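Participant: No sequence on hand, only this structure:
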């Protein structure tokens, strides 16, 4: 498995406004001269709108994330190392026989599987304690724009 990240500043014509990272290391930079094909609603993961199906990644994708801003090199490296503290700053710690989730803002969502279904945990306020005996549970924080 490898972690791949591509950052694009969204500003065409700027030097090195597109960067590709593999396992936290910068492996390629490019100058995106014009806005990518498509419109501002296009989101392609593992492909490119200007090539259609001509350049699809030949791989399985385990997890994908889309951020509202281009990550810095340090943020990509931290994300790869598992220490990225983004705007939500979600942290997980163990206290005795419990797991404690702490976050700055947003709504805690919970699911029995990574694929969902995701439900709002209306009683959850930060910090939120989850007993280890609760079995497999998945959590994420929804941050409203």
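Facilitator: Cool, got the structure. From a predicted model like this one, the values you see are computed outputs, not experimental measurements.

Participant: got any ranges where this protein has weak pLDDT?
Facilitator: The chain contains residues with pLDDT under 70 at 36-43, 49-50, 68, 83-89, 122, 134, 143-145.

Participant: ranges for the strands of the chain?
Facilitator: Applying DSSP state E to the chain gives strands spanning 4-8, 18-22, 25-30, 91-95, 98-102, 107-111, 119-120, 128-131, 138-142.

Participant: and of these, who's closest to residue 66?
Facilitator: Smallest distance to residue 66 across the strands of the chain (CB to CB): 10.7 Å, for strand 4-8. From N, CA and C alone the C-beta is placed, and that goes for glycine too.

Participant: now that closest one against strand 25-30, angle please.
Facilitator: Here strand 4-8 points in a direction 40 degrees away from that of strand 25-30 (axes from the mean of the first three to the mean of the last three CA atoms, to 10 degrees).

Participant: now residue 93: how far from residue 138?
Facilitator: Plainly put, residue 93 is 17 Å away from residue 138 if you go by CB to CB, to the nearest Å.

Participant: the more surrounded of those two?
Facilitator: Applying other CB atoms under 10 Å to residue 93 and residue 138 shows that residue 138 carries more neighbours, namely 13 against 10.

Participant: wait, isn't the more buried one in contact with residue 111?
Facilitator: Yes: applying CB atoms under 8 Å, one finds residue 138 in contact with residue 111, separated by 4.7 Å.

Participant: And the residue of the chain positioned farthest from its centre, how close does it get to residue 139?
Facilitator: What lies farthest from the middle of the chain is residue 96; by CA atoms, centre = their mean that is 29.3 Å. For residue 96, the distance to residue 139 under the criterion CB to CB works out to 19 Å.

Participant: if we can go back for a sec, now the strands of the chain in TSV, please, with extra columns for distance to residue 63.
Facilitator: Shown next, in TSV, are those (distance: least, CB to CB, whole Å):
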stretch	distance to residue 63
strand 4-8	11
strand 18-22	15
strand 25-30	19
strand 91-95	16
strand 98-102	18
strand 107-111	14
strand 119-120	20
strand 128-131	21
strand 138-142	11
